[in-house]
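1. here you go, sequence then predicted model.
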Amino acid sequence: MNILIKNGRIIDPGRGFDRVGDLLITDGKTSWVGGEIAPPQSGYDIINAWGMVICPGFVDLHCHLRQPGFEHKETIATGTKAAARGGFTTVCCMPNTDPPLDNKSTVDYVRAVVESEGVIRVLPIGCVTKGRKGQELADFAELAAAGVVAFSDDGAPVSNARLMRQALAHSKESGLPVIDHCEDLALTEGGQVNEGEVSTKLGLHDMPAVAEEVMVARDLVLARATGGHLHIAHVSTAGAVGLIRLARRNDVPVTAEVTPHHLTLTESKVLGYDANAKVNPPLRTKEDTQALLRGLKENMIDAIATDHAPHSEADKTGDFRKAAFGISGLETALGSLLSLVHSGQVELTTLIAKLTSGPAKILGDKYSKLGSLAIGAPADVTIFDPNLNWVVDPRSFVSKGKNTPLAGALLKGKVMATLYQGKIVYRDDSVRVKKET
Ligand code: DOR
């Protein structure tokens, strides 16, 4: 299948490319990116992208697809369709499944289901510890051979510093990052929301910023000592950004990601006990969102990752204290992030870089073609209208997780089409494909 995408603003931050023009896909690969191109004689489809942005398919370093074990929350089929609808062509899936991805056979299972039911690329992440229990290291060599792209016990921290040190030493050998859920459990025990005004008003136990920061500090020290690649997941506090800045200045091998919700929402969203805004780490303060944004612009934070955490309605209703942590984020990521561009807080090219070349780089040389529109690379392409207004209706989500704090919100900017390896895997109803046979 050949596709010609015409007249869009093509932005490929990894190659410093930004101009209005055409993109041609031949046999699933990008074959032309530039000014207007004469269409091939026949056998191709045309998408008119006038007024739209054409960019590399987004790469999500952090999402939860829930299969195996929690298929009532999400499956690989529904999660990858939701990702495509959000403009993502690659997602890395977290191993907090049941059973967890701590051995070759579970990783093989995920890969087999992706092969038969996934609509985009899924790169599995293996556990740091067996069963995510924090007691004994998983077999890193076995997991690496099975094709995991990183190690993480996400959803839970690696509380034992000796194990984290060993994990980072293995990372130094394999070159695969350890993705760190930074939380000191003794400081967050029973916690529901950020420590401060809101926790006091609601009378809920809190999860203080320092609970994240002491763990970030510990693991930066261990990364420096071992030389292993530490990747900090869902950074949420100003203090954590400060620690990462200090570490980067001292050449510690650390990278970091931030979520759309920690960049755009604050703890006030949980006033009224809306469990759809209950997430770990919790939504923080305005000062924190400002520091995260600064960290992103100053390249202290390399990537935006969704931490898509779909849950069933039952998991999110009833007593706030018992509700699950997490936000279903794949389908609203771009629209919510574009609010930062429309309000002049971040450049569009920076935003796209953090969704494409930034995360791809963290995955290492093997995935160097992801997050780019390089000629000859598999054509993973996202087309979005930066100015289209739409109202978030969770009932229309493809994800099984309808748990979003953005229900009813007006967002400006929408994914119009997503192409994975040259095939259209998502298309908004209004996008016409003209066939030239
Ligand atoms: O809010 C969260 N939900 N944070 C995590 O770290 C895990 C995730 C989940 O798996 O639901």
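-> Now that the structure is in, tell me what you want to look at.

2. CA atoms for contacts and neighbours, from now on please.
-> Noted.

3. okay, now the closest residue to A323 other than its chain neighbours: neighbour count?
-> Excluding the flanking residues, the one nearest A323 by C-alpha to C-alpha, 6 or more residues apart in numbering is K316, at 4.8 Å. By the measure other C-alpha atoms under 10 Å, the count of residues near K316 is 22.

4. would you agree K316 is in contact with K402?
-> No: applying C-alpha atoms under 8 Å, one finds K316 not in contact with K402, separated by 9.7 Å.

5. and stretch 80-100, what's buried?
-> 80-97, 100 (16 or more other C-alpha atoms under 10 Å).

6. contact residues of the stretch 201-350 of the chain facing the ligand?
-> 279-280, 309, 325-326 (C-alpha under 6 Å from any ligand atom).

7. shouldn't C127 be in contact with S152?
-> Yes: counting by C-alpha under 8 Å, C127 touches S152, with 5.0 Å between them.

8. circling back: distance of the residue nearest to A323 from the ligand?
-> Note on K316: its distance to the ligand, by C-alpha to the nearest ligand atom, to the nearest Å, is 11 Å.

9. quick check: the gap between that residue and Y273.
-> Going from K316 to Y273 by C-alpha to C-alpha, to the nearest Å gives 11 Å.

10. which of the helices or strands spans R19?
-> Using DSSP states H and E, R19 maps to strand 17-26.

11. average pLDDT for that strand?
-> The average pLDDT within strand 17-26 is 97.

12. with stretch 46-54 instead?
-> For stretch 46-54, the per-residue pLDDT averages 97.

13. just stretch 297-312 next, same as before
-> Rounded to a whole number, the mean pLDDT of stretch 297-312 is 98.

14. start and end of that stretch, how far apart?
-> End-to-end for stretch 297-312, by C-alpha to C-alpha: 35 Å.

15. buried set for it?
-> Per 16+ other C-alpha under 10 Å, stretch 297-312 contains these buried residues: 297, 299-312.

16. other residues contacting stretch 68-80?
-> By C-alpha atoms under 8 Å, 6 or more residues apart in numbering, the residues outside stretch 68-80 that reach it are 65-67, 97-99, 110, 113-114, 117-120, 122, 310-312, 398-401.

17. report the buried members of the residues you listed.
-> For the contacts of stretch 68-80, buried by 16+ other C-alpha under 10 Å: 65-67, 97, 110, 114, 118-120, 122, 310-312, 398-401.

18. show me where the stretch 301-437 of the chain has its helices.
-> 313-316, 333-342, 348-355, 357-362 (DSSP state H, counting those that start in this stretch).

19. other SSEs contacting the third one?
-> Packed against helix 348-355 by the contact rule (3 or more C-alpha pairs under 8 Å, 6 or more residues apart in numbering; DSSP states H and E) you find strand 2-12, strand 58-63, strand 303-304, helix 333-342.

20. quick one: average pLDDT of that helix?
-> Mean per-residue pLDDT for helix 348-355: 98.

21. what comes up buried for whichever helix or strand S105 is part of?
-> Following DSSP H and E, one finds S105 within helix 104-117. By neighbour count with 16+ other C-alpha under 10 Å, helix 104-117 contains the buried residues 104, 106-108, 110-111, 114.

22. show me where pLDDT drops low in the stretch 101-250 of the chain?
-> Within the stretch 101-250 of the chain, the set of residues satisfying pLDDT under 70 is empty.

23. out of C127 and S152, which sits in the busier spot?
-> Neighbour comparison, C127 and S152: the larger count goes to C127, with 30 against 27 (by other C-alpha under 10 Å).

24. tell me who's in contact with the more buried one.
-> 95-96, 100-102, 138, 151-153.

25. now do whatever helix or strand T289 lives in and helix 333-342, the angle between them.
-> When elements are assigned from DSSP H and E, T289 belongs to helix 286-297. Angle, helix 286-297 to helix 333-342, by axes from the mean of the first three to the mean of the last three C-alpha atoms, to 10 degrees: 90 degrees.

26. other SSEs contacting helix 286-297?
-> Applying 3+ C-alpha pairs under 8 Å, 6+ apart, one finds that helix 286-297 makes contact with helix 238-249, helix 260-264.
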